[in-house]
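Peer 1: what's the 3D shape of this:
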Amino acid sequence: MKPFSKIAILGGTGKSGKYLVQHLLNQGFQLRLLLRNPETFTINSPLIEVVSGDARNHESVQTLLEGCQAVISTVGQRKGEPSIFSDATRNVIRAMAHWKIDRYISATGLNVDTPDDQKSEPTQSATDWMRIHYPMTTADKQTEYGLLSASSVNWTLVRLPMIEQTDERRPTVVSLVDCPGSYISATDLAHFLTESLSDPTYFKKAPFIANG
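Peer 2: Numbers count the residues shown, from 1 in each chain. Predicted coordinates:
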């Protein structure tokens, strides 16, 4: 696998994405960020290149990925807009093939199901609640998992409970079958996503992560 020096980031200004961007910068990575409104971006670093565009647009995503060795998505759903997750991942997979990039990590919700799941009552209840109240986005996240499963890239789909926006580090538990907690620190998530770039443990898998 190629060494990772430049990482393409989708969702870098969201509630978890901004922690990820800062952690990657602290680690010395070069970043290319896809931003719908680049004029509002406030981080000034020589390690950051900004690409103006939308994750739903293939040309934007293809431009973003040029020169990168891996892709991380923490894209969130904007209120009142169509679900974005499968469109973004479909565009990423296509652009990765064009640029011959192999590593893709995406964050999603605990409501995604996989064949090996053994969801506990709290996790299943949360999944069912999301299906009832957010049926379109829940179905679209499941479609995203299907796209990744059918792809040839080394993907990891990280399934999350509620995200706490904090710099605090806490003990973290990872499971492939059930969500091990109700919250995850945005800082702990940033560390996990970064460490997963080159760790093959969760290649082509969908781990849950939470603060235990």
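Peer 1: Show the average pLDDT along stretch 10-23.
Peer 2: Averaged across stretch 10-23, pLDDT comes to 94.
Peer 1: Flag every buried residue along it.
Peer 2: 10-14, 16-23 (16 or more other CB atoms under 10 Å). C-betas here are computed from N, CA, C, even on glycine.
Peer 1: A strand includes Glu49, no?
Peer 2: Yes: applying DSSP: H, G, I helix; E, B strand; the rest coil, one finds Glu49 inside a strand.
Peer 1: How about it: what's its closest non-neighbour residue?
Peer 2: Distance criterion CB to CB, 6 or more residues apart in numbering; nearest residue to Glu49, sequence neighbours excluded, is Arg32 at 4.7 Å.
Peer 1: My guess is Pro207 contacts Leu176. True?
Peer 2: Yes: using CB atoms under 8 Å, Pro207 is in contact with Leu176, at 5.5 Å.
Peer 1: Look at these two and report which has more neighbours.
Peer 2: Neighbours per residue (other CB atoms under 10 Å) separate Pro207 from Leu176, with Pro207 holding more: 18 against 15.
Peer 1: ok, that one - contacts?
Peer 2: Counting by CB atoms under 8 Å, 6 or more residues apart in numbering, Pro207 touches Thr156, Val158, Arg159, Val174, Ser175, Leu176.
Peer 1: tell me the phi and psi of the last one?
Peer 2: When read as degrees, to the nearest 10, the backbone of Leu176 gives phi -90, psi -10.
Peer 1: Could you dump the contacts of Pro207 into CSV with distance to Glu49 added?
Peer 2: Shown next, in CSV, are these (distance: CB to CB, whole Å):
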residue, distance to Glu49
Thr156, 24
Val158, 24
Arg159, 30
Val174, 31
Ser175, 36
Leu176, 35
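Peer 1: Could you give me the ChimeraX selection string for whichever of these are buried?
Peer 2: In ChimeraX, this line selects whichever of those come out buried by 16+ other CB under 10 Å:
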select :156,158,159,175
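Peer 1: For the contacts of Pro207, which two are the farthest from each other?
Peer 2: Distance extremes for the contacts of Pro207: the farthest pair is Thr156 and Ser175 at 13.8 Å, using CB to CB.
Peer 1: which residue sits farthest out from the middle of this protein?
Peer 2: Glu121 (25.3 Å; CA atoms, centre = their mean).
Peer 1: Next up, the contacts around that residue.
Peer 2: Counting by CB under 8 Å, 6+ apart, Glu121 has no contacts.
Peer 1: so how far is Asp199 from it?
Peer 2: To Asp199, Glu121 is 31 Å away according to CB to CB, to the nearest Å.
Peer 1: hmm, back to that, and the residue nearest to Glu49, which helix or strand is it part of?
Peer 2: Secondary structure assignment for Arg32, by DSSP states H and E: strand 30-35.
Peer 1: Alpha carbons of that strand, as PDB, please.
Peer 2: The C-alpha trace of strand 30-35 is given here as PDB (Å, rounded to 0.1, in the frame of the first residue of the first chain):
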ATOM      1  CA  GLN A  30      -1.300  17.300   3.800                       C
ATOM      2  CA  LEU A  31      -5.000  17.700   3.300                       C
ATOM      3  CA  ARG A  32      -7.400  18.400   0.400                       C
ATOM      4  CA  LEU A  33     -10.800  19.500   1.600                       C
ATOM      5  CA  LEU A  34     -14.000  19.600  -0.400                       C
ATOM      6  CA  LEU A  35     -16.100  22.600   0.700                       C
END
